[in-house]
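Asks: please work out how this folds:
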Amino acid sequence: MALRYLYRKLSKEERRCPYCGKVIQRNIAVYRGRYFHYGCLQEAKMKRYRCQNCGAVLNWLEVGEAEVLGHRVRSCPYCGGPLRRFR
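Replies: Numbering: from 1, shown residues only. Just a heads-up that it's a prediction; the model follows:
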């Protein structure tokens, strides 16, 4: 499926990659309704985290986010526990 029409259809703010934060100029990929650079999407799938409470292993796309005292904190979507970077 050609995604070329998305460059004309979406505004620059809608084409902002959630992984790197830059506007997508080319190589757009759609994952669960969110727009990524293709390379960023592949990198996000490879970045792993392990929950310190329940031991679940998650990739960047699966972790939950919360804002605590003005800082974004990643947490486990299953138990809400803190995450640690996993090889």
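Asks: model confidence score at the closest residue to residue 79 other than its chain neighbours, please.
Replies: Using CB to CB, 6 or more residues apart in numbering and skipping the chain neighbours, the partner closest in space to residue 79 is residue 54 (4.5 Å). The way it works is simple: take the backbone N, C-alpha and C, and place the C-beta from them, glycine included. In this model, residue 54 is scored at 94, pLDDT.
Asks: and residue 54, that one's in a helix?
Replies: No. With DSSP: H, G, I helix; E, B strand; the rest coil as the criterion, residue 54 is located in coil rather than a helix.
Asks: could you pull up the contacting residues of it?
Replies: Listed by CB atoms under 8 Å, 6 or more residues apart in numbering, the contact set of residue 54 reads 76, 78, 79, 81.
Asks: neighbours around the first one, how many?
Replies: Here the neighbour count serves as a burial measure; for residue 76 (other CB atoms under 10 Å) it reads 21.
Asks: phi, psi for residue 8 please.
Replies: Torsion angles at residue 8 (phi, psi; degrees, to the nearest 10) stand at phi -80, psi -40.
Asks: from residue 38, how far out is it?
Replies: 18 Å (CB to CB, to the nearest Å).
Asks: so which bits of stretch 37-50 are buried?
Replies: Under the neighbour-count criterion of 16 or more other CB atoms under 10 Å, stretch 37-50 has 37, 40, 41, 44, 49, 50 buried.
Asks: just grab the bridge partners of the last one for me.
Replies: Pointing back at residue 50 there. Beta bridges link residue 50 to residue 57, residue 84, judged by DSSP bridges.
Asks: you'd agree it is up against residue 84?
Replies: Yes. Assessed by CB atoms under 8 Å, residue 50 is found in contact with residue 84 at 5.6 Å.
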